[in-house]
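Undergrad: Next come a sequence and a model predicted from it.
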Amino acid sequence: MSAVQTTIVIVHGAFEHIGRYQHLIKQLKDDGYKVICRDLPGQGRSEGVKGHIDSFHQYIHTIEEWLQEADEGPVFLLGHSMGGLAVIRTMQQIKPKVNGVILASPAVGILEGASKPMEVASRMLNRVCPKLQVGTQLKSEKVTRNESVRKRDGEDALILEKVSVRWYREFQHNIQQAFVKINEFPEVPLLIMQAGEDLMVDAEKTKEWFHSVDLSEKTYKEWPGLYHEIFNEPEWKQVYTYTSHFIHQQLSNLHHKEG
C-alpha cells in the first residue's frame, strides 16, 4: 500500500505548539505521508485563553476533528508528552479507527508536579478561581540537549509560561484516568518511545502503563541518553527511522490482510 494514502495526525505537548516540529512534518511529507497537525486549544496560535481549558475533553474533541479530516486509507496517531496523554484518552473514550498509535515520552506521570500544599490549594482554586494562572516548570534545557532548539525556544513567544489551575487539575485527573480506564484502550498496534534521560515525565510510570495495557501488538523502545523531546534531540532522525519502521510494518500487515 502506497504511503501517499497514509495520514499521520500529530498531537504536540503542553506549553508548546506544532511549529516546533516543522522538521518532523517536512520529513513525513517528503516521505509521502499526509500530515494533519495544528495547535491544541489554548496553545500556540489557537483561539481561546492561552494556557487554559475548561475540560480535557476539548483536546479529545479536537483530535477527533483532526481524525475526521483524514482521507480514506491508513491513519496513525502520534502524540508527544501531554499530547501522548491526550491520544491515550482519545483512544479510551471515542475508540477511533486508526491503524497504529505512536506515543513519544507520554505524560502518564510527571516528575515535577505541584508541592503538596499547592496540590491541596489547586483543588480549592479549581472550584472558585479556575482561570487563575501559575508559572510553568518548563525550561528548554530540561526538554532537549539540542542547542539550536534551546536557542530557538528562548526567542519563541508562543511557548507558554503560565497555565491555569483548571488546566493543571484536568491534566492530573486525566493522568489518573489513563490508568483507571486502561482496559478501555482498543485493540490497536502501539509503539511507545520513551526518552532514557527524561527530566519531565516519569519513565517508570510510562513503563507501568505500557505493561498494564492489554494489546496483542505493542512495542516499548527506550532511547538511552535522550532528553524528553525525542523528536527534537540531535538524534531525532534515528527516532524517526524507528517510527517509520513501525508504520511500514503496520502497512505491510494491512496489505497482507487485504490480500
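TA: Thanks, I have it. Residues are numbered from 1 along each chain as shown.
Undergrad: For Met193, which three-state class applies?
TA: Put simply, Met193 is strand when judged by DSSP: H, G, I helix; E, B strand; the rest coil.
Undergrad: Setting aside sequence neighbours, what's the nearest residue to it?
TA: Spatial nearest neighbour of Met193, excluding adjacent residues (C-beta to C-beta, 6 or more residues apart in numbering): Lys221 at 4.8 Å. For the C-beta atoms, the positions are set from N, CA and C on the backbone; glycine is no exception.
Undergrad: and the strand or helix carrying the one you found, what other elements does it pack with?
TA: In this assignment (DSSP states H and E), Lys221 forms part of strand 218-223. On a contact count with 3 or more C-beta pairs under 8 Å, 6 or more residues apart in numbering; DSSP states H and E, strand 218-223 meets strand 190-195, helix 203-212, helix 236-258.
Undergrad: same thing but at 6 Å, please
TA: strand 190-195 (3 or more C-beta pairs under 6 Å, 6 or more residues apart in numbering; DSSP states H and E).
Undergrad: Could you work out the end-to-end span of stretch 186-201 for me?
TA: End-to-end distance for stretch 186-201: 24 Å, by C-alpha to C-alpha, to the nearest Å.
Undergrad: And the contacts of that stretch?
TA: Applying C-beta atoms under 6 Å, 6 or more residues apart in numbering, the external contacts of stretch 186-201 come out as 95, 100-105, 107, 110, 142, 203, 206, 210, 215, 217-228, 230, 246, 250.
Undergrad: chain center to it: distance?
TA: Here stretch 186-201 is found 9 Å from its chain centre; the criterion is C-alpha atoms, centre = their mean, to the nearest Å.
Undergrad: Could you list the buried residues of it?
TA: Val188, Pro189, Leu190, Leu191, Ile192, Met193, Gln194, Ala195, Asp198, Met200, Val201 (16 or more other C-beta atoms under 10 Å).
Undergrad: Same list (those) but as TSV, adding distance to Glu16.
TA: Below are the buried residues of stretch 186-201 laid out as TSV (distance: C-beta to C-beta, whole Å):
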residue	distance to Glu16
Val188	26
Pro189	27
Leu190	23
Leu191	21
Ile192	20
Met193	18
Gln194	18
Ala195	15
Asp198	16
Met200	12
Val201	14
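Undergrad: What is the nearest of those residues to Arg45?
TA: For the buried residues of stretch 186-201, the residue nearest Arg45 by C-beta to C-beta is Met200; the value is 23.2 Å.
Undergrad: pLDDT at Gly259, what is it?
TA: Looking at Gly259, its pLDDT reads 57.
Undergrad: Tell me which helix or strand comes right after the helix-or-strand element of the chain with minimal mean pLDDT.
TA: Ranked by mean pLDDT, DSSP states H and E, the weakest helix or strand in the chain is helix 116-128, scoring a mean of 67. Sequence-wise, the next helix or strand downstream of helix 116-128 (DSSP H and E) is strand 133-135.
Undergrad: Could you list the paired strands of that next one along with their orientation?
TA: Here strand 133-135 has these sheet partners by DSSP bridges: strand 162-164 (antiparallel).
Undergrad: for the partner strand, which positions count as buried?
TA: Val163, Ser164.
Undergrad: what sits up against that strand?
TA: Strand 162-164 has contacts (C-beta under 6 Å, 6+ apart) with Gly51, His52, Lys131, Gln133, Gly135, Thr136.
Undergrad: and Gly225, how many neighbours does it have?
TA: 11 (other C-beta atoms under 10 Å).
Undergrad: Report the contact partners of it.
TA: Gly225 is in contact with Gly196, Glu197, counting by C-beta under 6 Å, 6+ apart.
Undergrad: Need the buried ones from the contacts of strand 162-164 selected in PyMOL.
TA: Buried subset of the contacts of strand 162-164, written as a PyMOL selection, criterion 16+ other C-beta under 10 Å:
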select buried, resi 51+52+133+136
